[in-house]
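K.L.:
got a sequence here, can you model it:
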Amino acid sequence: MNVAGTSSHVPSLAALRATFKGLRVVGDVHGDAHGFSAALAGARDKRLFTVQLGDLTDRGPDSAATLRMALEMVAEHQGVFLLGNHDHKLRRALSGALVRPDPEGLGVTLKQIAAAPDADALRQAALDVIGRAPAWLRLGPWLFVHGGFHPRMLREPPPPHAGSSKPEGLVPRALFGQVTSRTRIDGYPERLHNWVHRIPSGITVYCGHETRSADGRPYVAVAAAGGRAVFLDTGAGKGGHLSWIDLPW
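P.N.:
You can find the predicted model right below:
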């Protein structure tokens, strides 16, 4: 794997338009290497720049391969992945921080990385690139974020090192969405979606983080303010499948 000089810098919309025919927005991968490989191959064939919405690893059969493909995609300037809560936690674990690994999630990922033939290079590249992964991204009328939206994201750039820092400011909203202090019966935090109704007219937010779909297709919510939210997590690596949406210029 050669990711020397990898950068999380995203070209401007004008620069992307000059090179690509549009965007391919890919939902949470969670170690579904087969699905992610198909998404990336199709994007290359169609000359689409890939925007992956975070949570590359955990749960699925091959998080090491998924991570490797994402790092190569960024190094080759074919796409970007956003910072998800699972990515942030993975980097903390790889950096030696005390993290309690979910035995079916992060625990599996760490074992898969350790067993990879390029384990050392993979760890080092992941530490670097996840550390600089953007917490959100705005391109024209589209806003891309892993967990949840805030109107300030339309005006403010993400902090440059969100992946290597304690989540502060708007980063917790970007990683975790809008949560309460309560826990659901399934053990996950109780999530609110009030932020959806603050998306202004003319703006579409593409996000992942939770599987809201009831039919295997991305779930679309219409905001009271006139915008839209499209939830692309359809359960890849967790018994569902990987979804993506193509956005031509």
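
K.L.:
contacts and neighbour counts: CA atoms only from here.
P.N.:
Noted.

K.L.:
which residues in the chain form helices?
P.N.:
Along the chain, the stretches classed as helices by DSSP state H are 13-19, 33-45, 63-75, 85-94, 106-115, 119-131, 171-176.

K.L.:
give me the contact list for the first one.
P.N.:
With CA atoms under 8 Å, 6 or more residues apart in numbering as the test, helix 13-19 has contacts from 22, 49, 139-140, 249.

K.L.:
flag every buried residue along it.
P.N.:
By 16 or more other CA atoms under 10 Å, the buried positions in helix 13-19 come out as 16-17.

K.L.:
show me what contacts the nearest residue to residue 108 once chain neighbours are set aside?
P.N.:
Computed as CA to CA, 6 or more residues apart in numbering, the closest residue to residue 108 that is not its neighbour in sequence is residue 58, at 6.7 Å. With contacts defined as CA under 8 Å, 6+ apart, the neighbours of residue 58 are 30-31, 86, 104-109, 237.

K.L.:
one more: residue 95?
P.N.:
residue 127.

K.L.:
circling back to that earlier point, any idea which of the contacts of helix 13-19 is closest to residue 171?
P.N.:
Closest approach to residue 171 among the contacts of helix 13-19 (CA to CA): residue 139, at 18.4 Å.

K.L.:
the closest one: what's it in contact with?
P.N.:
12-13.

K.L.:
rerun at 6 Å
P.N.:
residue 13 (CA atoms under 6 Å, 6 or more residues apart in numbering).

K.L.:
how near is it to residue 204?
P.N.:
10 Å (CA to CA, to the nearest Å).

K.L.:
which of the contacts of residue 58 sit farthest apart?
P.N.:
107 and 237 (14.4 Å).

K.L.:
more neighbours, these two?
P.N.:
residue 237 (24 against 16; other CA atoms under 10 Å).
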